[in-house]
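> Fold the following.
(one chain, ligands or ions: 1)
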Amino acid sequence: MKDPTSVTSADWIARSLRSVWHPCTQMQHHETVPLIPVSHGRGAWLVDVQGRRYLDAISSWWVNLFGHANPRINAALKDQLDRLEHAMLAGFTHEPVIELSERLSALTGGVLGHCFYASDGASAVEIALKMSFHAWRNAGQSQKQEFVCLSGSYHGETIGALAVTDVALFRDAYGPLIQRAHVAASPDARQAQAGETPADVARRAARALEALLQERAGKVAAVIVEPLVQCATGMAMHDPLYLKEVRALCDRYQVHLIADEIAVGCGRTGTFFACEQAGIWPDFVCLSKGISGGYLPLSLVMTREAIYQAFYDADVTRGFLHSHSYTGNPLACRAALATLDIFAQDDVLARNRDWAARLTAALAPLAAHDKVRHLRQRGMIWAFDAVVDDPAAAATFSRRFFARALERELLLRPIGRTVYLMPPYILDDGEIEWLASRTREVFEEVVRP
Ligand SMILES: *Cc1c(COP(=O)(O)O)cnc(C)c1O
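This is a model prediction of the structure:
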C-alpha cells in the first residue's frame with residue numbers, strides 16, 4: 001500500500017520542478033540533489049511533508065533570527081494584518097514605518113537618522129550607490145561616479161549590485177551588462193603570512209586601498225564593504241581595525257563609506273551593527289535579511305543628516321529619484337518592530353555571547369582534524385574550510401555535504417569548500433550539542449567516503 005504522505009511529497013517535487021524555477025540553482029542538479037517540500041516550521045526546525053525534520057542551521061539563507069513561527073512575531077503580524085496591510089509611502093506614512101525608523105536611528109545614537117526603504121538586499125545596495133552618486137552630484141561633484149569594492153565582495157545580484165560584487169560565478173556570466181567597480185584587496189585574515197596577525201593583514205589591505213584612493217579619489221563616490229565578515233565569498237573574516245582604517249581613509253580622501261550590513265547586521269556578528277565593533281559609523285548602512293526576523297522582504301538604507309540635506313531642495317531633480325511599490329510595507333515593518341522588541345526584552349546580544357561560547361567549544365575538536373583549515377568564528381557565524389585534494393570531489397563537495405546533512409536532519413549548505421553555521425539565535429543546550437556533533441559526523445562522512 002502506498003503511504004499517502006510520500007505520494008504528496010513526490011507530487012510536490014514533480015510539480016515544483018515543472019513550474020518553479022529555483023534560485024541560484026542549476027535545475028538539472030535536482031536529478032541528484034534533493035528538493036525538500038516544506039510543510040511547516042517550528043523554532044529552529046523545518047518539517048517536510050513526510051514529517052521529517054531539519055535543523056535550519058543557516059537560518060534559511062541568513063534571514064531567520066528567532067525561529068520559524070515565532071509566537072511573538074506571529075502575534076504582531078496578526079494584529080497588523082487587521083489594521084493596515086499596505087499603503088503607498090509616497091505622500092502617506094504610517095506608525096510601523098515611523099517607529100522602525102526612529103528606533104533604528106536611536107541604535108546609531110542618531111548618527112544615521114534617515115531611513116529609506118525597499119524590499120530586498122540588492123535594492124538597498126542599489127539605493128546606497130545611487131544616493132552616494134547623486135549626493136556628490138548635488139554638491140557639484142558630478143565627476144565622482146566610480147565605486148570601490150573589496151576582493152571577494154558580494155552585494156547582491158541585480159545589475160548595479162553585481163557591479164560591486166567580486167564573485168566570479170555570479171558576475172562573469174553577465175559581465176557585458178556591468179559597469180565594473182574598482183576591486184581593492186580584501187582584509188581576509190586567512191591571508192596572514194608567517195608571523196602576521198589579523199590586524200597586520202587589515203593594515204596591509206588598508207594601505208592597498210589608500211594607494212587606489214590616492215590615484216582615483218577624485219572620481220570615486222564611495223567604498224562599499226561588508227563589515228567584519230564577507231559572507232557569500234565563504235565567511236572571510238577580518239579584524240575590526242580594517243573598518244577604522246577605511247573610515248579614516250574615506251574621510252581623508254572625501255569618499256563615502258557604505259557598510260553593507262545585510263548579512264552581518266542584526267546581531268549576527270555579536271553587536272547589533274557590525275561597525276560598532278570598530279567604533280565607527282559609515283555614511284550609509286544597508287540592512288535586510290534578519291531585520292524582519294526572516295518573515296517578510298524588507299530592506300533599508302540609513303544615512304546621515306548631511307547626505308539628506310544634500311537632496312533637500314525645491315527642485316524635484318535634486319531629490320532622490322527612487323521608489324519601489326512595496327516601499328515601507330507596514331507588515332514587514334511590524335515584523336521588524338517585533339524583532340527589535342525581542343532584542344530589547346530578552347537581552348539577546350548578551351545571551352548570544354554565552355550560547356556562542358558553548359557552540360564554539362562543541363566545534364573545537366574540528367580544529368585538530370587533518371582535513372580542516374581555518375576554523376573561525378565571529379559572533380553567531382562559524383566556518384571552516386575543508387581540504388579536498390581530488391578536484392572532482394572538490395567540485396561537488398558542497399552538494400554532497402548538503403545532501404548528506406539532510407539525511408541526518410541538518411540543513412547546511414557549504415559555499416564551495418567552506419562549511420559554515422549561521423543558526424537562529426534560539427538553540428537550546430541540547431540542540432547546540434546536537435548541531436556540533438552532527439556537523440562533525442557529516443563532515444567525516446563527506447571527506448572520507
Ligand atoms: C544577501 C546579501 C545581499 C543581497 O540581498 P538580497 O535580499 O538577496 O537581494 C547583499 N549584500 C549582502 C552582504 C548579502 O549577504
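
> From here on, just use CA atoms for contacts and neighbour counts.
OK.

> Which single residue of the stretch 201-350 of the chain ends up nearest the ligand?
When scored by CA to the nearest ligand atom, the stretch 201-350 of the chain has A263 as its residue closest to the ligand, at 4.2 Å.

> Is it correct that that residue is in contact with W62?
Yes - the criterion here is CA atoms under 8 Å, and A263 meets it with W62 at 6.7 Å.

> Looking at these two, which one has more neighbours?
Using other CA atoms under 10 Å, the more surrounded residue of A263 and W62 is A263, with 27 against 23.

> next one: phi and psi at that one?
Main-chain dihedrals, A263, degrees, to the nearest 10: phi -90, psi -40.

> and it, what does it touch?
Contact analysis of A263 by CA atoms under 8 Å, 6 or more residues apart in numbering lists 62-63, 231, 287-290.

> for the residue in the chain that the ligand sits nearest to, phi and psi?
Nearest residue of the chain to the ligand (CA to the nearest ligand atom) works out as G121 at 3.1 Å. Reported as degrees, to the nearest 10, the phi and psi values for G121 are phi -60, psi -50.

> so it touches G290, yeah?
No - in this structure, G121 is not within contact of G290 by CA under 8 Å, at 10.6 Å.

> any common contacting residues for the two?
I262.

> Which pLDDT value goes with the residue nearest the centre of the chain?
Closest to where the C-alpha atoms of the chain average out (CA atoms, centre = their mean) is A263, at 1.8 Å. We have a pLDDT of 98 for A263.

> Check A168 too.
For A168, pLDDT reads 89.

> Next to the ligand, which bits of the stretch 51-200 of the chain? Give me the list.
Those residues of the stretch 51-200 of the chain that sit near the ligand, judged by CA under 6 Å from any ligand atom, are 120-122, 154-156.

> In helices, which of these appear?
Residues of those located in helices (DSSP state H): 121-122.

> from the residues of the stretch 51-200 of the chain next to the ligand, which single one is nearest R203?
Nearest to R203, judged by CA to CA, of these is Y154 at 21.6 Å.

> Measure how buried the closest one is and give me the count.
For Y154, the neighbour count with other CA under 10 Å is 25.

> so how far is A263 from it?
10 Å (CA to CA, to the nearest Å).

> What residues of stretch 320-328 count as buried?
Under the neighbour-count criterion of 16 or more other CA atoms under 10 Å, stretch 320-328 has 320, 326-328 buried.

> for stretch 220-230, same thing?
For stretch 220-230, the neighbour count (16+ other CA under 10 Å) marks 220-230 as buried.

> OK, contacts around the nearest residue in space to Q277 that is not next to it in sequence?
In space, Q277 comes closest to P240 once its chain neighbours are excluded; the distance is 6.3 Å by CA to CA, 6 or more residues apart in numbering. Applying CA under 8 Å, 6+ apart, we find P240 in contact with 227-228, 275, 277-278.

> again, only this time at 10 Å
187, 198-199, 202, 227-229, 274-280 (CA atoms under 10 Å, 6 or more residues apart in numbering).

> same check, this time on L411
Residues 45-46, 53-60, 401-405, 421, 423, 439 are the ones in contact with L411 under the rule CA under 10 Å, 6+ apart.

> which among the residues you listed end up buried?
Burial by neighbour count, 16+ other CA under 10 Å: within the contacts of L411 this picks out 45-46, 53-60, 401-405, 421, 423, 439.

> which bits of the stretch 201-350 of the chain sit near the ligand?
The stretch 201-350 of the chain comes close to the ligand at residues 226, 260, 262-263, as judged by CA under 6 Å from any ligand atom.

> State the pair within the buried residues of stretch 320-328 that is farthest apart.
Maximum pairwise distance in the buried residues of stretch 320-328, criterion CA to CA, is 16.9 Å, between F320 and Y326.

> Can you show me the helices along the chain?
Counting by DSSP H, the chain has helices at residues 4-19, 59-62, 71-81, 95-107, 121-138, 159-163, 168-171, 198-216, 241-253, 305-311, 330-345, 348-363, 391-407, 429-447.

> now the angle from the fourth one to helix 71-81?
If I follow you right, that is helix 95-107. Per axes from the mean of the first three to the mean of the last three CA atoms, to 10 degrees, the angle that helix 95-107 makes with helix 71-81 is 130 degrees.

> Other residues contacting helix 95-107?
Around helix 95-107, the neighbours that count as contacts under CA under 10 Å, 6+ apart are 80, 84, 89, 109-117, 272-273, 300, 302-304, 327-338, 340.

> cutoff 8 Å now
Residues from elsewhere that reach helix 95-107, judged by CA under 8 Å, 6+ apart: 111-115, 302, 328-330, 333-334, 336-337.

> Specify which member of these is nearest to D370.
A336 (42.8 Å).

> looking at it, that closest one is touching I291, isn't it?
Yes - with contact defined as CA under 8 Å, A336 counts as touching I291 (5.4 Å).

> How much space separates S59 from G290?
From S59 over to G290 the distance is 9 Å, taken as CA to CA.

> overlap in contacts of the two?
If you check S59 and G290 against CA under 8 Å, 6+ apart, the residues they both contact are L65.

> need the contact list for H256.
Neighbour list for H256: 132, 221-223, 250, 282-284 [criterion: CA under 8 Å, 6+ apart].

> So which of these sit within strands?
Among these, the residues falling in strands (DSSP state E) are 221-223, 284.

> got a list of contacts for stretch 51-64?
44-47, 65, 263, 289-295, 406, 409-413, 420-424, 435.

> what's the offset of that stretch from the middle of its chain?
The chain centroid and the centroid of stretch 51-64 are separated by 15 Å under CA atoms, centre = their mean, to the nearest Å.

> for that stretch, what is the average pLDDT?
Averaged across stretch 51-64, the pLDDT comes to 98.

> The residue nearest to E226 when sequence neighbours are not counted: how many residues sit nearby?
Nearest residue to E226 in three dimensions, chain neighbours excluded: D260, at 5.0 Å (CA to CA, 6+ apart). By the measure other CA under 10 Å, the count of residues near D260 is 29.

> So D260 versus G319, what's the distance?
Per CA to CA, D260 is found 23 Å from G319.

> swap in A221?
To G319, A221 is 18 Å away according to CA to CA.

> ditto for Q214
Remark: distance between Q214 and G319 (CA to CA) = 31 Å.

> Looking at those two, which has the bigger crowd around it?
Between Q214 and G319, counted using other CA under 10 Å, G319 has the larger neighbour count: 18 against 13.
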